[in-house]
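J.: Next one to model:
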Amino acid sequence: MITVYTDGASSGNPGPSGAGIYIKHNETYKTYQIPLDAMSNHEAEFMAVIHALRICNKSFPGEILSFRTDSKIVVDTIEKDYTKNKIFLPLLKEIRKEMNNFPYFFIKWIPEKHNLHADRLARQAIKY
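T.: Predicted coordinates for the structure are as follows:
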């Protein structure tokens, strides 16, 4: 099983944004800092999940994925597979598409204090 921590950050709301991804596989880990266009913090959180899914598709095809994020809105939207928000809808559709590449995909909300690696990476990505 692959454990993936994601976080999104934006400087301003909306503003320049970044995605941070921390992937644990066995005893190894990989980190990613992905600069994003100007967007809201919530959009950056969704984009972090999308980018992480794409990375996992290339690096860990067919594996079981266990995602962790401190964004309740992302977890609720994915678990319910529904949103009324017109901005989030295409992001949810992209997540659905990417999730279909894996036999199992789990997502869990965690407190910010347990997501420090991904948070630091997301904040650093804004500076690129």
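J.: any chance you could map the helices in this protein?
T.: For the chain, the helices defined by DSSP state H cover 41-59, 72-80, 88-99, 116-126.
J.: and the ones you listed as CSV, adding mean pLDDT and mean neighbour count?
T.: Every C-beta, even on glycine, is put in place using the N, C-alpha and C of the backbone. Output for these, formatted as CSV (pLDDT from 0 to 100; neighbours: other Cβ atoms under 10 Å):
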stretch, mean pLDDT, mean neighbour count
helix 41-59, 98, 21
helix 72-80, 98, 17
helix 88-99, 97, 16
helix 116-126, 97, 20
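J.: so which of the ones you listed gets nearest I2?
T.: Set against I2 and scored by Cβ to Cβ, the helices of the chain come closest in helix 41-59, at 6.2 Å.
J.: and that closest one, what does it pack onto?
T.: Judged by 3 or more Cβ pairs under 8 Å, 6 or more residues apart in numbering; DSSP states H and E, the packing partners of helix 41-59 are strand 2-10, strand 15-25, strand 28-39, strand 65-69, helix 72-80, helix 88-99, helix 116-126.
J.: Output these in CSV; the columns should cover distance to W109.
T.: Output for the helices and strands packed on helix 41-59, formatted as CSV (distance: least, Cβ to Cβ, whole Å):
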stretch, distance to W109
strand 2-10, 12
strand 15-25, 16
strand 28-39, 21
strand 65-69, 7
helix 72-80, 4
helix 88-99, 15
helix 116-126, 13
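J.: who's sitting farthest from the centroid in the protein?
T.: Relative to the mean C-alpha coordinate of the chain, counting by Cα atoms, centre = their mean, the farthest residue is E27 (21.2 Å).
J.: separation between that one and S66?
T.: According to Cβ to Cβ, to the nearest Å, E27 stands 16 Å off from S66.
J.: And V4, by the same measure?
T.: Plainly put, V4 is 7 Å away from S66 if you go by Cβ to Cβ.
J.: so what's L91 up against?
T.: L91 makes contact with 43, 46-47, 50 under the criterion Cβ atoms under 8 Å, 6 or more residues apart in numbering.
J.: Looking at those residues, which one is closest to G18?
T.: Set against G18, the nearest of the contacts of L91 by Cβ to Cβ is M47 (9.2 Å).
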